[in-house]
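*Asks:* Got a predicted structure plus its sequence, pasted below:
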Amino acid sequence: MPHIKNALIRYRIIDRMLRNKYKSYPSKEELRTACEEALFGSEDGAHICASTIEKDLFNMKMEHDAPIRYSKKNGGYFYEDPEFSINDVPLSEDELASIRFAVSTLQQFREVPFFQQFGSAIDKIVDRVAVGDTDESQEISKYIQFEAAFSTGGNDFLPVLLEAIRSKKRVWFLYTSFQQQVSKPRNVSPLFLKEYRNRWYLICYDRQKQDILTFALDRMSELQLLEEPAEIPSDFNAALYFQNAVGITAYKGKPERIILKADPVAARYISSQAFHSSQKLLKVDGDAHYFELSILLSEEFIRNLLGYAGEVEVVEPLALRNIIKERATALLKRYQK
């Protein structure tokens with residue numbers, strides 16, 4: 001991949017030089033020198049040779065229809081069409097509108113620490129499609145608003161954890177749970193990262209507990225990348241790990257069949273924003289709408305249910321019904337004081 005990336009960078013350097021009106025007809029050596037200096041900070045030819053530039057010029061013609069010609073009189077290369085640029089991609093107005101919308105989505109992540117490293121890339125995209133200061137982009141901000149992607153802490157650990165996952169190395173950190181409020185050392189093998197409601201979580205294998213655990217990054221401190229090789233369970237599949245989960249809680253076990261009874265208004269909300277991909281409407285009996293889903297019970301799902309108050313009733317299983325009843329009773333007592 002690096003050589004492909006370098007080739008694309010060289011294409012853009014060559015393109016820029018061929019379009020430079022103040023220094024026309026760059027020679028092959030001038031193109032080589034510019035590419036070497038931009039990519040490696042030197043000009044001695046140790047990394048890029050003349051034949052590489054020849055291949056680049058040929059590939060630009062073949063792959064991008066670049067109208068590159070050589071002028072014997074001026075001893076250099078030029079675009080036969082002076083308006084041509086390798087960066088020019090013909091787009092329809094609908095396609096441009098779609099790109100503007102996508103860029104406006106990207107821009108909401110500008111201030112999130114982890115994504116700041118991509119800030120220059122986002123700026124280039126913004127400039128390329130001319131949305132930064134256009135009337136179109138200003139109009140978009142008037143009628144589209146995204147939920148703020150605020151940081152809850154711990155995002156600075158993302159690069160280190162990503163490196164640990166890529167290099168299959170273990171990490172060490174102190175972790176403070178919500179329940180105990182005591183920091184404990186952890187030595188784990190990172191498997192993957194998951195974002196849930198503006199918080200990042202590390203899913204990892206704990207050798208001591210011989211289990212897959214989840215840790216919130218904002219509860220970590222003193223993270224260290226170790227040289228010890230990670231232990232990856234042979235049967236672990238990141239794509240399937242959360243398939244039966246609602247939220248961030250997943251564990252080994254058989255998903256339970258949940259039956260919910262919802263009032264008409266709540267039913268419309270549940271239908272438009274399902275609890276889980278397994279959810280389906282079983283039947284409608286008067287005003288009662290019955291939904292079925294198959295999931296691992298979790299605190300996140302329980303809290304989601306409680307958000308509907310008396311508009312949604314758990315029909316089964318009995319254990320979940322009792323949990324909701326206990327929480328509702330405790331809530332009523334609190335407000336009767």
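*Replies:* In hand now; what should we look at?
*Asks:* So which residue is smack in the middle of the chain?
*Replies:* Taking Cα atoms, centre = their mean, the centroid of the chain lies closest to E195, which sits 8.4 Å from it.
*Asks:* if I look at that one, how far off is L158?
*Replies:* Per Cβ to Cβ, to the nearest Å, E195 is found 10 Å from L158. For glycine as for every other residue, the C-beta is placed from the backbone atoms N, C-alpha and C.
*Asks:* before we move on, the earlier item: state the mean pLDDT of the strand or helix carrying the residue nearest to the centre of the chain.
*Replies:* Assigned by DSSP states H and E, E195 belongs to strand 183-196. Average pLDDT, strand 183-196: 92.
*Asks:* counting contacts, what elements does it pack onto?
*Replies:* Contact analysis of strand 183-196 by 3 or more Cβ pairs under 8 Å, 6 or more residues apart in numbering; DSSP states H and E lists helix 158-167, strand 169-176, strand 199-206, strand 211-216 as its packing neighbours.
*Asks:* Excluding its own residues, what touches the longest one? List them.
*Replies:* If I follow you right, that is helix 158-167. Here helix 158-167 makes contact (Cβ atoms under 8 Å, 6 or more residues apart in numbering) with 113-114, 117, 169-171, 190-193, 200, 202, 217, 223, 225, 230.
*Asks:* all strands of the stretch 201-337 of the chain, in order?
*Replies:* In the stretch 201-337 of the chain, the strands defined using DSSP state E, counting those that start in this stretch lie at 211-216, 220-229, 256-262, 280-285, 288-295, 312-316.
*Asks:* export the ones you listed to CSV and tack on distance to Q273, mean pLDDT and mean neighbour count?
*Replies:* Listed next are these as CSV, based on distance: least, Cβ to Cβ, whole Å; pLDDT from 0 to 100; neighbours: other Cβ atoms under 10 Å:
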stretch, distance to Q273, mean pLDDT, mean neighbour count
strand 211-216, 24, 93, 17
strand 220-229, 31, 94, 14
strand 256-262, 12, 95, 18
strand 280-285, 14, 94, 11
strand 288-295, 12, 95, 18
strand 312-316, 13, 94, 17
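*Asks:* can you put those in a markdown table and add distance to N244?
*Replies:* Formatted as a markdown table, these follow (distance: least, Cβ to Cβ, whole Å):
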| stretch | distance to N244 |
| --- | --- |
| strand 211-216 | 14 |
| strand 220-229 | 26 |
| strand 256-262 | 9 |
| strand 280-285 | 15 |
| strand 288-295 | 6 |
| strand 312-316 | 17 |
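*Asks:* For K55, which of these is the nearest?
*Replies:* Evaluated over those, closeness to K55 peaks at strand 220-229, with 38.5 Å, by Cβ to Cβ.
*Asks:* The closest one - which strands sit beside it in the sheet, and in what orientation?
*Replies:* Counting by DSSP bridges, the strands paired with strand 220-229 are strand 169-176 (antiparallel).
*Asks:* tell me the mean pLDDT for the strand it pairs with?
*Replies:* Across strand 169-176, the average pLDDT comes to 95.
*Asks:* domain parsing for this protein?
*Replies:* Following automatic domain parsing, one finds the domains of the chain at 2-79, 93-143, 158-241, 256-336.
*Asks:* Quick check: which of these is nearest to G247?
*Replies:* domain 256-336 (2.6 Å).
*Asks:* What residues are bridge-paired with L202?
*Replies:* Where L202 sits in a bridge, its partners, by DSSP bridges, are L193, F215.
*Asks:* Share the number of residues neighbouring it, please.
*Replies:* By other Cβ atoms under 10 Å, the residues close to L202 number 27.
*Asks:* The one 4 residues further on now?
*Replies:* The local packing count at D206 equals 15, with neighbours defined by other Cβ under 10 Å.
*Asks:* Contact partners for it?
*Replies:* By Cβ under 8 Å, 6+ apart, D206 lies in contact with R186, V188, S189, I212, L213.
*Asks:* for the longest helix along the chain, packing partners?
*Replies:* Counting by DSSP state H, the longest helix found in the chain is helix 318-336. When contacts are defined as 3+ Cβ pairs under 8 Å, 6+ apart, helix 318-336 sits against helix 299-306, strand 312-316.
*Asks:* in the stretch 1-150 of the chain, which spans are helices?
*Replies:* Counting by DSSP state H, counting those that start in this stretch, the stretch 1-150 of the chain has helices at residues 2-18, 28-40, 50-64, 93-107, 119-128, 135-143.
*Asks:* Quick one: work out the angle between the longest one and helix 50-64.
*Replies:* I take that to be helix 2-18. For helix 2-18 against helix 50-64, the angle by axes from the mean of the first three to the mean of the last three Cα atoms, to 10 degrees is 80 degrees.
*Asks:* for helix 2-18, which positions count as buried?
*Replies:* In terms of neighbour count (16 or more other Cβ atoms under 10 Å), helix 2-18 has its buried residues at N6, R10, Y11, I13, I14, D15, M17, L18.
*Asks:* Give me the contacts around that helix.
*Replies:* Helix 2-18 is contacted by residues 23, 26, 30-31, 34-35, 38-39, 48, 52-53, 56-57, 59-60, 64, 66, 68, 77-79, 85-87 when judged by Cβ under 8 Å, 6+ apart.
*Asks:* Now restrict those to buried residues only.
*Replies:* Buried subset of the contacts of helix 2-18 (neighbour count, 16+ other Cβ under 10 Å): 26, 30-31, 34-35, 48, 52-53, 56-57, 60, 64, 66, 68, 77-79, 86.
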